[in-house]
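J.: can't give you the sequence, but here's the structure:
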């Protein structure tokens, strides 16, 4: 099977971007260890707030240059041919969701303020990506399995605004099911498996994540930074908001038989909108322009609105005219 190779960018340009990504990551790790305060500000208040917007435009804009994916592919190449990781990828999806649920609230406890600890954690995750590359074929060991960003990529990447090719895979080896690189629009439904045909899809790993994610975002932003001793209250608040979101979504799905094709774009738009309601003013303040916080928020929310409109329009298209993937 041929990999999805059409779209924006050429392979040499992507290779250069991947190399730059590795260099930037190395510099960031050094900065977190040696100059933590400005490095933390740059990472959490400037760079990370741009990632959801990039994923909405196209998840492959990020996945094509992600340093962890680059390390995984390098390790896979050095280790030689490895078996596909279909079963591991299916099981790993739940692990990725749990990693995300554990790591994001931990920002309030340590990652937002302790650069060296964050650097060590990023290095540990990089080692996990290298291990995944050595154990399984292509991106099936980490990026398409246990990566904690994968569920967010699936949710925000389900209706890309532009077409971007996949330069990493010259041909699809079937390393994992529900591959975003092969088909961003189909990946979320494939991640739900056969549950997508019924009303219990919010009980699957990805379905539960999608249903809870709007509340998860609100839970994070309504919780303040604190010492590790406040871990119980921090996680309790995020879990409570996530639970409310999941219960509300599941109740609506069961009551009105809402298909995931209709619900997932709404959940993605609500989560992204909630994120930028809080993150846009923080980004404006971080770049020294707090007065444009409202403008940035409006810009990002407009992007979210356009994304949802396109997702809903595509959902309504007759099956015979839908684009592949």
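T.: Perfect, thanks for sending it. Owing to the predicted nature of the structure, the values given are computational and were not obtained by experimental measurement. Numbers count the residues shown, from 1 in each chain.
J.: ok, now which ones touch residue 272?
T.: Neighbouring residues of residue 272 by CB atoms under 8 Å, 6 or more residues apart in numbering: 52, 56, 156, 304, 307. From N, CA and C alone the C-beta is placed, and that goes for glycine too.
J.: In which helix or strand does residue 105 reside?
T.: helix 86-106 (DSSP states H and E).
J.: what packs against that helix?
T.: helix 150-156, helix 205-221, helix 231-256 (3 or more CB pairs under 8 Å, 6 or more residues apart in numbering; DSSP states H and E).
J.: Flag every buried residue along the longest one.
T.: It stands for helix 231-256. For helix 231-256, the neighbour count (16 or more other CB atoms under 10 Å) marks 234-235, 237-239, 241-242, 245-246, 249-250, 253 as buried.
J.: Buried residues of the helix or strand following that helix, list them for me.
T.: Using DSSP H and E, the helix or strand that follows helix 231-256 in sequence is helix 260-286. Residues 260-261, 263-277, 279-284, 286 are the ones in helix 260-286 that count as buried (16+ other CB under 10 Å).
J.: before we move on, back to that, tabulate the helices and strands packed on helix 86-106 (JSON lines), appending distance to residue 74 and mean pLDDT.
T.: JSON lines is the format used below for those (distance: least, CB to CB, whole Å; pLDDT from 0 to 100):
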{"stretch": "helix 150-156", "distance to residue 74": "19", "mean pLDDT": "97"}
{"stretch": "helix 205-221", "distance to residue 74": "28", "mean pLDDT": "97"}
{"stretch": "helix 231-256", "distance to residue 74": "35", "mean pLDDT": "98"}
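J.: Any idea which of these gets closest to residue 126?
T.: Among the helices and strands packed on helix 86-106, helix 150-156 comes nearest to residue 126, with 15.6 Å by CB to CB.
J.: next one: the helix or strand just after that closest one to chain centre, how far?
T.: Sequence-wise, the next helix or strand downstream of helix 150-156 (DSSP H and E) is helix 187-192. Counting by CA atoms, centre = their mean, to the nearest Å, helix 187-192 is centred 14 Å from the centre of its parent chain.
J.: Pull the residues that contact helix 187-192.
T.: 93, 154-155, 157-158, 177-180, 183, 196, 201, 204-207, 210, 260-261, 264.
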